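J.: what's the 3D shape of this:
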Amino acid sequence: EVQLVESGGGMVQPGGSLRLSCAASGFTFSRYNMNWVRQAPGKGPEWVSGIKVDDGGTYYADSVKGRFTISRDNAKNTLYLQMNSLKPEDTALYYCGTGIRPVDYFGKGTLVTVSS
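T.: Residues are numbered from 1 along each chain as shown. The predicted structure follows:
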């Protein structure tokens with residue numbers, strides 16, 4: 001059974017940092033591209049960042065480019081999102097996800113609140 005469990009969310013002041021983790025199990029983590037997606041209160045889901053397996057390429061939404069860094073540790077089956085210079089508009093439920101055809105899997109999310 002595919003399982004993705006996010007952690008590391010919390011409340012932080014503007015300008016602060018958080019590091020999210022996503023523990024993966026039930027599939028061969030090292031063989032799949034991984035993504036972070038977020039959903040702010042009252043808004044639709046927004047893709048945040050992705051990391052590929054073939055060349056290790058990383059990709060970011062314009063809204064987080066230069067502030068967030070995605071990484072993975074295949075030995076630990078864990079995906080990370082380092083978030084720096086956080087803004088109130090980064091407040092959202094953050095999910096990690098992967099596509100294992102024909103299904104897209106997501107965890108239950110971890111809440112990030114950026115507020116003074």
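J.: rest of the way, CA atoms for contacts and neighbours
T.: Fine.
J.: Can you give me the buried ones in the host helix or strand of Tyr95?
T.: Assigned by DSSP states H and E, Tyr95 falls within strand 92-100. By neighbour count on 16 or more other Cα atoms under 10 Å, the buried set for strand 92-100 is 92-98.
J.: where does the protein dip in pLDDT?
T.: Under the criterion pLDDT under 70, no range of the chain is flagged.
J.: Pro41 is in contact with Leu111, correct?
T.: No: taking contact to mean Cα atoms under 8 Å, the distance of 10.6 Å between Leu111 and Pro41 leaves them out of contact.
J.: Identify the bridge partners of Gly97.
T.: Taking DSSP bridges, one finds Asn35, Phe106 as the beta-bridge partners of Gly97.
J.: you'd agree it is up against Gly109?
T.: No: using Cα under 8 Å as the test, Gly97 is too far from Gly109 to be in contact (9.8 Å).
J.: Report whether the expected contact of Thr98 with Asp104 is present.
T.: Yes: using Cα under 8 Å as the test, Thr98 is close enough to Asp104 to be in contact (5.8 Å).
J.: Between Leu111 and Pro41, point out the one with more neighbours.
T.: A count of neighbours by other Cα atoms under 10 Å puts Leu111 above the other of Leu111 and Pro41, at 21 against 10.
J.: need the contact list for that one.
T.: By Cα atoms under 8 Å, 6 or more residues apart in numbering, Leu111 lies in contact with 9-10, 91-94.
J.: Does it lie in a helix or a strand, and which?
T.: Since the elements are taken from DSSP H and E, Leu111 ends up inside strand 110-114.
J.: Which residues are in contact with each of Leu111 and Pro41?
T.: With contacts defined as Cα under 8 Å, 6+ apart, the residues shared by Leu111 and Pro41 are Ala92.
J.: what's the closest non-adjacent residue to Ala23?
T.: Here the nearest residue to Ala23 in space, its sequence neighbours aside, is Thr78; by Cα to Cα, 6 or more residues apart in numbering that works out to 4.7 Å.
J.: Share the number of residues neighbouring the one you found, please.
T.: 19.
J.: what pairs with it across the strands?
T.: In this entry, Thr78 is beta-bridged to Ala23, Asp73, by DSSP bridges.
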